[in-house]
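1. Using only what follows, build the 3D model:
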Amino acid sequence: VATAREIVPQSNGGIQGVLAAKDAIYIRDLKDGISTMRRLSADGRITPIALPFAGTTGNLFVDQEIDGAGFGLQSWVRPNAVYRLDAAGTISPTALIEPPKIDVSGYDSVEVLAKARDGVTVPLSIVFKKGIKRNGSAPALMQAYGSYGINQDAFFNARMIAWLDRGGIWATARVRGGGERGREWHEGGRLLNKPNTWRDLIACAEYLIAEKWTSAPKLAINGGSAGGITMGMAMTERPDLFGVVIANVGTHNTLRMEFSQNGPPNIPEFGSVKTEAGFKGLLAMDSTQKVRKGVKYPATLLTTGMTDPRVMPWQIAKFNAHLQAKSGSGKPVLLRVDFNAGHGLGSTRAQRDSEVADMFAFILQQTGSL
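-> As a prediction, this is how the structure comes out:
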């Protein structure tokens, strides 16, 4: 270690994979939620590899007896495909995955940066049908998470096509607490820094409205599990900014979560009420405690599964009850309970299709977009 030489310096992105082929070491990176690749040759030279399009690479496939590498690549508007990279840097498609019979030529996406209140830029993906008018009239669905250093990858979601075909905008805010810019990005939305997570989402919402992708009455936000913190706090801090809020199996009562079945493993991420700093941090991110009588909250749909072992159903029901009792907007506050589901990981395709259909229908109805 004393004589080690730095070859690949640290950056504000993240290294997702380092694998050795016969000709070189191939590095799979992430920058602002978008994948990049580099080739490290035996002489220490690092060469960027130009990918066919901006998206998310799957695992690299290499063999130390073979030059080059194989990898999967997909984006918001391109289904997953497998590509072959040779030692000269040439990339060619393979036929290892049969493409779905969907015409995706009518859809497009852009990657932009929204500025948060503290000046930090937040990566934001916007997906849309080509030719859409940017006059604030389109319904928009923006997703966010922001915990555990988990990335919001650009992936092809066939269900999204149904939303785009109804004239909707699909957006993903890569807020702090995720891993899109490495460890510091995660730390920036963890423990006492957690408010950055939902305030980054608020900044992204303001960007979409300012750039006339949508308007506040037409804007819906959605997040699940720990993303429930993001949803609940965004709507209680800025209820005027959203037309619809949907949280799936969401965390909404962090002050009490520690004493639930899955509470202890989450202490390193969110904190403990047994310390002064931990209590203050948990109180700051507890959306149930932030609901106030008479405030005009957006139309809200909360979902849970009765066998959820990660976020107990009472958290969602408790937040729902507070909103129903106190909201002054007159807009619906609905609780969707699946008695044959848990946290979603074991749900069937039919269950997931049904839930997404309910979400889309609720947004379209509440934003006047049917």
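2. tell me the contacts of L191?
-> 269-271, 277-278, 281 (Cβ atoms under 8 Å, 6 or more residues apart in numbering). Any C-beta I mention is one placed from the backbone N, CA and C, and that applies to glycine too.
3. One more: I202?
-> Counted by Cβ under 8 Å, 6+ apart, I202 has contacts 117, 234, 237-238, 241.
4. Would you state the helices of the stretch 51-200 of the chain in chain order?
-> For the stretch 51-200 of the chain, the helices defined by DSSP state H, counting those that start in this stretch occupy 158-165, 183-187, 195-210.
5. tell me the most buried of these?
-> Ranked by mean neighbour count under mean count of other Cβ atoms under 10 Å, those are led by helix 195-210, which reaches a mean of 23.
6. returning to that earlier point: buried only: go through the contacts of I202 for me.
-> Those of the contacts of I202 that meet the buried threshold are 234, 238, 241, by 16 or more other Cβ atoms under 10 Å.
7. what packs against the helix or strand hosting T236?
-> Element membership of T236 [criterion: DSSP states H and E] is helix 227-237. Counting contacts by 3 or more Cβ pairs under 8 Å, 6 or more residues apart in numbering; DSSP states H and E, helix 227-237 packs against helix 195-210, strand 219-224, strand 244-248, helix 313-326.
8. List the buried residues in that helix.
-> Applying 16+ other Cβ under 10 Å to helix 227-237 flags 227-236 as buried.
9. can you check stretch 288-299 too?
-> 288-291, 295, 297-299.
10. Quick check: end-to-end length of it?
-> In stretch 288-299, first residue to last residue: 16 Å (Cα to Cα, to the nearest Å).
11. Run the chain-centre distance for it.
-> Averaging C-alpha positions (Cα atoms, centre = their mean, to the nearest Å) puts stretch 288-299 24 Å from its chain's average.
12. repeat for stretch 65-81
-> 22 Å.
13. So that it lines up with my notes, have the first residue be 57 from now on.
-> Right, with 57 as the first residue, what we last looked at is stretch 121-137.
14. Pull up the distance across that stretch, start to finish.
-> Per Cα to Cα, stretch 121-137 runs 24 Å from first to last residue.
15. model confidence over it, on average?
-> Across stretch 121-137, pLDDT averages out at 95.
16. ok, G238 touching Q72?
-> No. Counting by Cβ atoms under 8 Å, G238 sits too far from Q72 to count as a contact (10.5 Å).
17. Just grab the bridge partners of I81 for me.
-> Beta-bridge partners of I81, counted by DSSP bridges, are A76, L96.
18. same question, the one 4 residues further on
-> The residues paired with D85 through beta bridges, assigned by DSSP bridges, are I71, T92.
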